[in-house]
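Participant: Compute the structure for the input listed below.
(one chain, ligands or ions: 2)
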Amino acid sequence: SGKWAKAEAILRELEDKCGAPTAKLQQVADAMTVEMHAGLASEGGSKLKMLISYVDNLPTGDETGLFYALDLGGTNFRVMRVQLGGKEGVIKQESEEVSIPPHLMVGSSHELFDFIATALAKFVATEGEEFHLPAGKQRELGFTFSFPIRQLSLASGTLIKWTKGFLIEDAVGEDVVEELTKAMERVNLDMRVAALVNDTVGTLAGGKYSNPDVIAAVILGTGSNAAYVERAHAIPKWQGLPPKTGEMVINMEWGNFRSSHLPLTEYDISLDAESLNPGEQLLCRRTCVRLLSFFFWLMEQIFEKLVSGMYLGEIVRRVLCRMAEEASFFGDIIPPKLKIPFILRTPDMSAMHHDSSSDLKVVGSKLKDILEVPNSSLKMRKMIIEICDIVTSRGARLAAAGVLGILKKIGRDTLKEGDNQKSVIALDGGLFEHYTEFRNCMSSTLKELLGEVAEYIVIELANDGSGIGAALLAASHSQYL
Ligand code: ADP
Ligand code: MG
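Facilitator: Ligands and ions are numbered 1, 2, ... in the order given. All right, here's what the predicted structure looks like:
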């Protein structure tokens, strides 16, 4: 019937617009390399900030002692302690996860840091006898902070902007280490922040500790970002003395990468327009499509919005909305729940996508539970899986292109005579960890892009490597060394 034909047409258009064939991905990777050069050349030289992390030596494996780590990510924060035993490795480690009450994500800086310091103090109070702090020494902490910060030393940094749904205006421009330190004083917690690191940098440090061939880290969780080891002489904007190792870890902030080669759709643009002005229907669809390239230039964090967990489910919801409106996909009435932004979460999307039952009952029950669509036909369910597949493949393929961009920048994308050095990329984040279709698609795309070099490039899941990484960096920058 006409209804299905229209729905089918919307689906095919989506597939067409999200297409990322090999040649296009090569262009994206090349554009990434170009932007990396530009971001390293001068401050503000590119949308890619290419932030200097002040980490110029990664863990050696000789680190010893008790160290704490704190990881403030998108939705959770985690506190951790590790007893490092030098050559013996990690002797004991404990961690606890605390979810951040949503009102604190948009409140005041004072409240957020008080909440964090209080949770940390509670955790410190449970420290058992297996952990040893030499008498008279102060506890030290590695602080993983997964938002863009401008650092002037390893143990300080001012917040550039919030991402991933956080918006605490009085914290922007402030030194987050100072904020945390003041909050710890307020709750009488005697602890020194020895290192402030982005989660990508923490994951790189933790990854390198367990595998010396690790050269880069990528996060695919609520948001997305990457860090890698750069040669200091390839960083023209670096003003300081050359680091002894000749190397510096760079936090790319690749979520803000943009290129005219990125496959964008009207759904991505309207997502952005609305996330800037919630509740306001700014643009009618047709205007939006017509002005696509113009609004493209206004968009923030475009790359992140195409590849990360916060947005994939929402893009699917938007496609379904249009199908409901224009093709009566769910019948004559548009399910009211479908109108609610972010109601379809990426974990639900991935549960549907992985549904292997013959009647797709997981899809059916998700539609029922989340969108209150009581009856769905098999044909509908199949189409929904197809939408998930298109949106996820685009994200995973672009993430692979991003990795290729890094490999190109550091000359690991080609084989060199007599060099069979492996390059390992440490991957972390809930999206990569749990969304199997995403993970598989990313791996196979990387192989497709690399050809014969593929056997030297390894993607390794570094589960919660950033916590250990931050603790290790605190250890190697301890005040007692
Ligand atoms: P953060 O990025 O906040 O530090 P995580 O790395 O744990 O936290 O990632 C959480 C994100 O991972 C969620 O926002 C969600 O998008 C994604 N995610 C979690 N579980 C799943 C799942 N089962 N399938 C797909 N995505 C998932
Ligand atoms: Mg995280």
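
Participant: got the contact list for the nearest residue to residue 138 once chain neighbours are set aside?
Facilitator: Setting aside the residues directly before and after it, residue 138 is nearest to residue 192 in space (Cβ to Cβ, 6 or more residues apart in numbering), at 5.3 Å. Any C-beta I mention is one placed from the backbone N, CA and C, and that applies to glycine too. Contact analysis of residue 192 by Cβ atoms under 8 Å, 6 or more residues apart in numbering lists 138-141, 181, 479.

Participant: Among these, which are located in helices?
Facilitator: residue 181 (DSSP state H).

Participant: which SS state does residue 134 fall under?
Facilitator: Following DSSP: H, G, I helix; E, B strand; the rest coil, we place residue 134 in the coil state.

Participant: same question but for residue 94, I mixed them up
Facilitator: Going by three-state DSSP: residue 94 is strand.

Participant: returning to what we had before: before we move on, which element is the residue nearest to residue 138 in?
Facilitator: strand 191-197 (DSSP states H and E).

Participant: And residue 244, by the same measure?
Facilitator: Residue 244 is part of no helix or strand, with elements assigned from DSSP H and E.

Participant: where's it relative to ligand 1, distance?
Facilitator: Using Cβ to the nearest ligand atom, to the nearest Å, residue 244 is found at 32 Å from ligand 1.

Participant: what number of residues lie near that residue?
Facilitator: Other residues near residue 244 number 9, with proximity taken as other Cβ atoms under 10 Å.

Participant: pLDDT weak spots in this protein?
Facilitator: 272-297 (pLDDT under 70).

Participant: can you list the residues of it near ligand 2?
Facilitator: 73, 199, 221 (Cβ under 5 Å from the ion).

Participant: can you pull the contacts of the nearest residue to the second one once chain neighbours are set aside?
Facilitator: Same thing as residue 199. Of all residues not flanking residue 199 in the chain, residue 146 sits nearest, at 4.1 Å (Cβ to Cβ, 6+ apart). Each residue near residue 146 by Cβ under 8 Å, 6+ apart is listed here: 71-74, 164, 198-200, 219, 223, 225.

Participant: Looking at these, spot the one nearest residue 422.
Facilitator: Distance to residue 422, by Cβ to Cβ, is smallest for residue 200 among the contacts of residue 146, at 20.2 Å.

Participant: Give me the number of neighbouring residues for the residue nearest to residue 63 when sequence neighbours are not counted.
Facilitator: Once flanking residues are discounted, residue 63 sits nearest to residue 475: 3.8 Å by Cβ to Cβ, 6+ apart. Using other Cβ under 10 Å, residue 475 has 23 neighbouring residues.

Participant: Repeat that for residue 348.
Facilitator: Based on other Cβ under 10 Å, the number of other residues close to residue 348 is 21.

Participant: ok now do residue 45, which residues does it touch?
Facilitator: Listed by Cβ under 8 Å, 6+ apart, the contact partners of residue 45 are 38-39, 237.

Participant: Filter these down to the buried ones.
Facilitator: When these are checked for burial by 16 or more other Cβ atoms under 10 Å, the buried set is residue 39.

Participant: Can you lay out the contacts of residue 45 as CSV showing secondary structure?
Facilitator: Formatted as CSV, the contacts of residue 45 follow (three-state DSSP):
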residue, secondary structure
38, helix
39, helix
237, coil
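
Participant: And the contacts of residue 45, which is closest to residue 336?
Facilitator: For the contacts of residue 45, the residue nearest residue 336 by Cβ to Cβ is residue 39; the value is 44.3 Å.

Participant: how distant is the strand holding residue 192 from the center of its chain?
Facilitator: Chain-centre distance of strand 191-197: 22 Å, with Cα atoms, centre = their mean, to the nearest Å.

Participant: CA atoms only: put whichever helix or strand comes after that strand into PDB for me.
Facilitator: The first helix or strand that comes after strand 191-197 along the chain, using DSSP H and E, is helix 199-210. C-alpha atoms of helix 199-210 as PDB (Å, rounded to 0.1, in the frame of the first residue of the first chain):
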ATOM      1  CA  ASP A 199      39.500  10.100  30.100                       C
ATOM      2  CA  THR A 200      41.100   9.500  26.700                       C
ATOM      3  CA  VAL A 201      44.500  10.300  28.300                       C
ATOM      4  CA  GLY A 202      43.800   8.100  31.300                       C
ATOM      5  CA  THR A 203      42.800   5.200  29.000                       C
ATOM      6  CA  LEU A 204      46.000   5.700  27.000                       C
ATOM      7  CA  ALA A 205      48.000   5.600  30.200                       C
ATOM      8  CA  GLY A 206      46.200   2.500  31.600                       C
ATOM      9  CA  GLY A 207      46.300   0.800  28.200                       C
ATOM     10  CA  LYS A 208      50.100   1.400  27.800                       C
ATOM     11  CA  TYR A 209      50.700   0.000  31.300                       C
ATOM     12  CA  SER A 210      49.100  -3.400  30.300                       C
END
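
Participant: how big is the angle separating helix 199-210 from strand 191-197?
Facilitator: Here helix 199-210 runs at an angle of 90 degrees relative to strand 191-197 (axes from the mean of the first three to the mean of the last three Cα atoms, to 10 degrees).

Participant: quick one, strands of the protein?
Facilitator: 51-52, 64-72, 76-85, 90-99, 139-145, 149-153, 156-159, 191-197, 214-220, 224-231, 247-251, 423-428, 457-461 (DSSP state E).
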